[in-house]
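> Just to be clear, the model below is a prediction. Sequence and coordinates:
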Amino acid sequence: MTSELAFVEALRRIAGHPGARRLDDDCAVVEFGGETVVLTHDMMVEGIHYLPDQDAADIAWKLVATNMSDLAAKGAEPVGVLLGYMLGRDDDRFLAGLEEALAHYGAPLLGGDTVAAPGAQALGLTAIGRATHRPVPSRGGAQVGDSLYITGPVGGAMLGLEAMRSGQGDSLAYRRPQALLAEGQALAPHVGAMMDVSDGLLLDAARLARASGVTLAIDGASVPIAVPPGRRAEALRWGDDYQLLFTAPPGLILPIDAYRIGEALPAIEAPLLLDGQALKESDGLGYQH
């Protein structure tokens, strides 16, 4: 089986349009008719991104929120979505959750496709947005000397999944993540680089560093966590928290509250330094398919 990294690398040879941003970003960005259109597509698979017995309304919410989070990372506002749906065990609950999530984010359903097939359910959503600031932030805009920030704690989704499996505790952070659209729009005029944290803070920070041609030095103790201190290392590698990770010039007064967790240094072979230790993407920094 081809690895995710190898497959994406092969796709780069095909994705030659400038709007594809060399597949180094959360979204495609296309100039069209005087507007800048922001496009993203995320998939979810039963047993990988959600539990087989999970409430289908929550599954629909998460599918919408993950795509809205990509738009947030570009400072975009939603225009609408296209749904790719594989019929499942509780389609009525999925529809209820979909309607609730789309109303919450102000993203109308514009169309899509529906199929039926045996095996694990697979779902997809394409989100269409409009840029609120140009140039649209990318993962590739960090400069040496920039400060690195995150909008909130990581690890909450990890605890949420454990709560679902055990039947004890608060599972909301895993079941119904929040896309930070307003925060992304406020930050867009000020950031160097920006992306959302979906596959783990360390892995996503390494991706941002590679795209920007810098090395990011992270102070692990400065990263806010939603878990007991003894589980900090896990929280730094766990995904599904959908905070915004961004860089900004030192001394800039930010328009929102955020946590400074590091800085951008001249590039070395490793894209990441965690408390001085050099780390690469192959060092188990987060979730990869």
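Everything's here; your move.
> rest of the way, CA atoms for contacts and neighbours
Fine.
> what about the helices in the stretch 101-250 of the chain?
156-166, 172-175, 181-187, 201-212, 232-237 (DSSP state H, counting those that start in this stretch).
> Against which helices or strands is the last one packed?
Other elements packing on helix 232-237 under the criterion 3 or more C-alpha pairs under 8 Å, 6 or more residues apart in numbering; DSSP states H and E are helix 201-212.
> for the helix it packs on, packing partners?
strand 194-196, strand 214-218, helix 232-237, strand 272-274.
> the inter-axis angle of it versus strand 214-218?
Helix 201-212 and strand 214-218 meet at an angle of 150 degrees, taking axes from the mean of the first three to the mean of the last three C-alpha atoms, to 10 degrees as the criterion.
> that older thread, quick check: which of the helices of the stretch 101-250 of the chain is buried the most?
Comparing the helices of the stretch 101-250 of the chain by mean neighbour count (mean count of other C-alpha atoms under 10 Å), helix 201-212 ranks first with a mean of 25.
> follow-up on the earlier one: do you know which of the helices of the stretch 101-250 of the chain lies nearest D70?
Closest to D70 of those is helix 181-187 (C-alpha to C-alpha; 9.0 Å).
> And the helices of the stretch 101-250 of the chain: which comes nearest A116?
helix 172-175 (24.4 Å).
> For the closest one, name the packing helices and strands.
Using 3+ C-alpha pairs under 8 Å, 6+ apart, helix 172-175 sits against helix 56-72, helix 156-166.
> In TSV, list the ones you listed along with distance to P255.
Listed next are those as TSV, based on distance: least, C-alpha to C-alpha, whole Å:
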stretch	distance to P255
helix 56-72	15
helix 156-166	24
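> Rebuild those helices as JSON lines, extending it with mean pLDDT.
JSON lines is the format used below for those (pLDDT from 0 to 100):
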{"stretch": "helix 56-72", "mean pLDDT": "98"}
{"stretch": "helix 156-166", "mean pLDDT": "95"}
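> Quick one, which of the ones you listed gets closest to P135.
helix 56-72 (14.2 Å).
> For the closest one, name the packing helices and strands.
strand 35-45, strand 76-86, helix 91-105, strand 122-131, helix 172-175, helix 181-187, strand 194-196.
> redo that, cut-off 7 Å
Counting by 3 or more C-alpha pairs under 7 Å, 6 or more residues apart in numbering; DSSP states H and E, the packing neighbours recorded for helix 56-72 are strand 35-45, helix 91-105, strand 122-131, helix 181-187.
> quick revisit: so for I253, which of the helices of the stretch 101-250 of the chain sits nearest?
Nearest of these (C-alpha to C-alpha): helix 181-187, 10.8 Å.
> Which strands or helices does that closest one pack on?
Using 3+ C-alpha pairs under 7 Å, 6+ apart: helix 181-187 touches helix 56-72.
> circling back: dump the helices of the stretch 101-250 of the chain into CSV; add distance to A56 as well.
CSV is the format used below for the helices of the stretch 101-250 of the chain (distance: least, C-alpha to C-alpha, whole Å):
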stretch, distance to A56
helix 156-166, 14
helix 172-175, 10
helix 181-187, 24
helix 201-212, 27
helix 232-237, 26
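> What is the burial count for A57?
22 (other C-alpha atoms under 10 Å).
> And for P229?
10.
> what residues are up against it?
Residues near P229 by C-alpha atoms under 7 Å, 6 or more residues apart in numbering: none.
> Could you do V223 as well?
V223 sits in contact with I261, where contact means C-alpha under 7 Å, 6+ apart.
> what's the spacing between it and R237?
Counting by C-alpha to C-alpha, to the nearest Å, the gap from V223 to R237 is 12 Å.
> who wins for proximity to H17 among the helices of the stretch 101-250 of the chain?
Using C-alpha to C-alpha, the helices of the stretch 101-250 of the chain put helix 201-212 closest to H17, at 17.2 Å.
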